[in-house]
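1. below are the sequence and a predicted model; questions follow.
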Amino acid sequence: MTSLASHTMDPPRDAGLRLPWLVLALALASLLALAWGASVGSTGFDSLLRVREDPAAWQIVWDIRLPRTLGAWLAGALLALAGAVAQGLFRNPLADPFLLGSASGAALGVALAYAALGVGGMVAGGGSVALLQAATPWLARLGFTGAAFLGALAGVLLALVLARGVQQTLRLLLAGVVVGFVLGAVRDLVQLAQPDVLQAMQGFTLGVTGFVGWGGCALMAAVLAPLLLLAWALARVLDALSLGEATALSLGLPLAPLRALLVGVLALATGAAVAQTGLIGFVGLVAPHLARSMVRCTHAALLLLSTLVGGLLLMLADVASRLLVAPQELPVGVLTAVLGGAYLLWLMNRRAGVRGVQ
């Protein structure tokens, strides 16, 4: 059985030939999309042409457009990495980064922060500096980003407690669903108690990238790099789990601690992205599917490809959200939900058609 598993986990031959070109193509496409994002805005392409002689144009491009476009790439990469890990960990192609209650926990954390400040009529992230100056010292240090991050981690930890660890995947999956509903209900109660919080939460729940600055980019990059390396190091575990838990145990893998590390990667990646951009759905679910459609590969390559695809997807969606109803903007989370849902429906019908022919 060991030899069979080792043979199954070997990368297909076409992956070794196509993978470097795919990585290069995705990286170049991301650079082009970054340049495109730097030229899209209320002042149009002129700001990009006048950055050398016009300080205002330089500030628009450098302080607003570039960080939000790069931040969209980093958030998409984090969500896609978390989605690839979740689908491998739960052996379910419909698993997404929000499966363990991280999204509901992050939304609850932000709602509680708004309620503590008595905030109303704001989009998540806007005006937070002035408000936090009047807040208590601990809340000022935490901020809305910290509240979302801690809320996401608290949701995952609560799911782990209810599931009594990571030994049983099905129990963990069900615990995550329960935690998501319960924390979502608590958030609704907070919003009912303080209706102004509901308006303030709109930007967070719809998903926005417009408030991401260079600090947020640095934070997400600092989280993405080590998590990608750790996930890559644990890729063989995901390969073994794809063959079945019994096979993974027969290979002598310590599944409990390795699963805990994978859940940690999933939680930290999701929390870091959600804390900066709010709830952006379907990117973490769709990106691994797109990566698999490009090349047949093991999880080591799949994690890297999913990360690049997810970053590019959210970056393009961010640019499109600025163009579709210009000079106004669509919440990028709404656009990803529409496009991601349409893609999954097309994929489902396509596979059903292929099976019908066979």
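-> Thanks, I have it. Residues are numbered from 1 along each chain as shown.

2. so what's the spatially most central residue of the chain closest to, chain neighbours aside?
-> Against the mean C-alpha coordinate of the chain, by C-alpha atoms, centre = their mean, the closest residue is Leu79 at 2.0 Å. Leaving aside its chain neighbours, Leu79 sits nearest to Gly284 (3.9 Å; criterion: C-beta to C-beta, 6 or more residues apart in numbering). The C-beta positions use only the backbone N, C-alpha and C, and glycine is treated the same way.

3. quick check: the gap between that neighbour and Val110.
-> 19 Å (C-beta to C-beta, to the nearest Å).

4. now do the strands in the stretch 101-250 of the chain.
-> Secondary structure of the stretch 101-250 of the chain (DSSP state E, counting those that start in this stretch): no strands present.

5. low-confidence stretches in it?
-> 118-142 (pLDDT under 70).

6. how about the strands in the stretch 251-358 of the chain?
-> Using DSSP E, counting those that start in this stretch, the stretch 251-358 of the chain contains no strands.

7. show me the shaky parts of it.
-> 351-358.

8. does Val197 touch Tyr114 like I think?
-> Yes. Val197 is in contact with Tyr114 according to C-beta atoms under 8 Å; the separation is 4.6 Å.

9. packing partners for the strand or helix carrying Leu79?
-> Leu79 belongs to helix 66-90 when assigned by DSSP states H and E. Helix 66-90 sits against helix 13-38, helix 169-193, helix 214-233, helix 235-242, helix 255-277, helix 283-294, helix 299-323, with contacts defined as 3 or more C-beta pairs under 8 Å, 6 or more residues apart in numbering; DSSP states H and E.

10. tell me the contacts of the residue nearest to Leu79?
-> Gly284 makes contact with Leu79, Ala80, Ala82, Gly83, Ala86, Asp96, Pro97, Phe98, Thr270, Gly310, according to C-beta atoms under 8 Å, 6 or more residues apart in numbering.

11. which ones are touching the fifth one?
-> To tie it back to what came earlier, the one meant is Ala86. Contacts of Ala86 by C-beta under 8 Å, 6+ apart are Ala95, Asp96, Pro97, Leu99, Leu100, Leu266, Gly284.

12. next step: the residues you listed restricted to helices.
-> Counting by DSSP state H, the part of those found in helices is Leu266, Gly284.

13. any chance of JSON lines for the contacts of Ala86, columns distance to Ala225?
-> As requested, the contacts of Ala86 are arranged in JSON lines below (distance: C-beta to C-beta, whole Å):
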{"residue": "Ala95", "distance to Ala225": "24"}
{"residue": "Asp96", "distance to Ala225": "23"}
{"residue": "Pro97", "distance to Ala225": "18"}
{"residue": "Leu99", "distance to Ala225": "24"}
{"residue": "Leu100", "distance to Ala225": "23"}
{"residue": "Leu266", "distance to Ala225": "16"}
{"residue": "Gly284", "distance to Ala225": "18"}
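
14. what's the most distant pair in the contacts of Ala86?
-> Pairwise distances across the contacts of Ala86 (C-beta to C-beta) peak at 12.1 Å, for the pair Leu100 and Gly284.

15. now do the contacts for Leu323.
-> Taking C-beta under 8 Å, 6+ apart as the definition, contacts of Leu323 comprise Val40.

16. ok, it to Ala38 distance?
-> 14 Å.

17. swap in Gly143?
-> 27 Å.

18. looking at the two, which is more packed in?
-> Ala38 (22 against 18; other C-beta atoms under 10 Å).

19. how deep is the closest residue to that one other than its chain neighbours tucked in, by neighbour count?
-> Spatially, and ignoring its direct neighbours in sequence, Ala38 is nearest to Arg65 (4.8 Å; C-beta to C-beta, 6+ apart). Using other C-beta under 10 Å, Arg65 has 21 neighbouring residues.

20. I figured Arg65 hits Leu34, correct?
-> No. Assessed by C-beta under 8 Å, Arg65 is found out of contact with Leu34, at 9.6 Å.

21. show me what contacts the closest residue to Gly207 other than its chain neighbours?
-> Using C-beta to C-beta, 6+ apart and skipping the chain neighbours, the partner closest in space to Gly207 is Gly333 (2.2 Å). Contacts for Gly333 (C-beta under 8 Å, 6+ apart) come out as Thr205, Leu206, Gly207, Val208, Gly278, Leu279, Ile280, Gly281.
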